[in-house]
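[1] Build me a model from this:
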Amino acid sequence: MWTYFQLLFFIDPMHFIYYLLFEQIVFIELGDGHYWLNDPKICVKHPIRIIGDEKDPSHVVVEVSGNIEWKASNGYLEGITFRRPRISTNVQDSPDMIKILGNSSLIMTHCVLEGSIRNKQAVLNCSTLHGHGILIKDNGKLTMIESRVSNNPGAGIVHGGKGEGGSKITLIRSSIKHNRGPGIIISKPNVLEMEDCGIIDNEGGSIQEEILKEKKVVKEEFELSKNAQ
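    As a prediction, this is how the structure comes out:
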């Protein structure tokens, strides 16, 4: 299993060197149980590493009523289930669960993001969607390893701007499924990389058509990923 430092070096070697010289990271270990984030917005501005149960993330559940804004230069989450409370607001008012903003970076391993959708209602107009699992803007970077994003009233993962460049989504042995919108929405020229993933059973489709046309490598990887668990 890769350590946090190995992953950081693999994704961004220069950032890894900067981290060794200047950064200090906060480490938090969560025991089994339920945790509640009831604030409308939780903003993370400093590097942080949070570890739950790496073998079974269902043992460590964080109920998120609002959203988590990730503005830290780097961060690492492992073995945690982020979930909407079962008594939640109207899906039209539902916020995005995690926002990765600015020049921030987040690595998630063995994590689950579980939305509040309990019934099926197809939504074809992406502009009307609310409550995405993860929203990435500006030059944010997301890496998900053996993780899942599911049952959100919006899309699973969204890049929220057009033509910004610099954003990168890397998915490894992960699944995006059962979301009301598309599994992934990403605007060119941002980067989407996948390895052995399943983007399946999303009511708004799998990956936005413009990316499948512009980046054939993504389409080829997606065709391979459809049969993944």
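
[2] Flag the shaky bits of this protein, pLDDT-wise.
    Low-confidence segments of the chain (pLDDT under 70): 1-24, 87-93, 118-129, 160-166, 209-229.

[3] ranges for the helices of it?
    Applying DSSP state H to the chain gives helices spanning 4-11, 13-22, 209-214, 216-225.

[4] Can you spell out which residues form a bridge with the nearest residue to residue 28 once chain neighbours are set aside?
    With sequence-adjacent residues excluded and distances taken as CB to CB, 6 or more residues apart in numbering, residue 28 is closest to residue 50, at 4.7 Å. (C-beta placed from N, C-alpha, C; glycine too.) Applying DSSP bridges to residue 50 gives these bridge partners: residue 28, residue 77.

[5] Number the residues from 769 up from this point.
    All set: I'll call the first residue 769, so the last point we hit is now residue 818.

[6] ok, now which ones touch residue 818?
    Contact analysis of residue 818 by CB atoms under 8 Å, 6 or more residues apart in numbering lists 796-798, 844-846, 848.

[7] Over to residue 941?
    By CB under 8 Å, 6+ apart, the residues touching residue 941 are 913-914, 963-965, 996.

[8] How much space separates the residue lying closest to residue 862 once chain neighbours are set aside from residue 854?
    Distances taken as CB to CB, 6+ apart put residue 899 closest to residue 862, at 3.2 Å, once the chain neighbours are dropped. From residue 899 across to residue 854, the span is 15 Å (CB to CB, to the nearest Å).

[9] Which of the two has more residues huddled nearby?
    residue 899 (27 against 8; other CB atoms under 10 Å).

[10] circling back to that earlier point, quick one, phi/psi of the residue nearest to residue 862?
    The phi/psi pair for residue 899 (degrees, to the nearest 10) reads phi 80, psi 60.

[11] Do I have it right that it meets residue 924?
    No: with contacts counted by CB atoms under 8 Å, residue 899 stays clear of residue 924, the gap being 11.0 Å.

[12] What is the end-to-end distance of stretch 910-918?
    Using CA to CA, to the nearest Å, the span of stretch 910-918 from its first residue to its last is 16 Å.

[13] quick one: contacts of that stretch?
    With CB under 8 Å, 6+ apart as the test, stretch 910-918 has contacts from 770, 775, 779, 868, 873-883, 901-902, 904, 924-925, 936-947.

[14] Just the buried ones from these?
    775, 779, 868, 873-883, 901-902, 904, 924-925, 936-939, 941-947 (16 or more other CB atoms under 10 Å).

[15] Spit out the contact partners of residue 840.
    Residue 840 makes contacts with 812-816, 872-874, as judged by CB under 8 Å, 6+ apart.

[16] cutoff 7 Å now
    Residue 840 makes contacts with 812-816, 872, as judged by CB atoms under 7 Å, 6 or more residues apart in numbering.

[17] now those: which count as buried?
    812, 815-816, 872.

[18] now for these, which pair is the farthest apart?
    816 and 872 (11.4 Å; CB to CB).

[19] tell me which of the contacts of residue 840 is nearest to residue 862?
    For the contacts of residue 840, the residue nearest residue 862 by CB to CB is residue 812; the value is 20.3 Å.

[20] and the gap between the closest one and residue 940?
    As judged by CB to CB, residue 812 and residue 940 stand 23 Å apart.

[21] Give me the neighbour count for residue 972.
    For residue 972, using other CB under 10 Å, the count is 20.

[22] From residue 885, how far off is it?
    12 Å.

[23] tell me, what's touching the two both at once?
    Counting by CB under 7 Å, 6+ apart, the shared contacts of residue 972 and residue 885 are residue 948.
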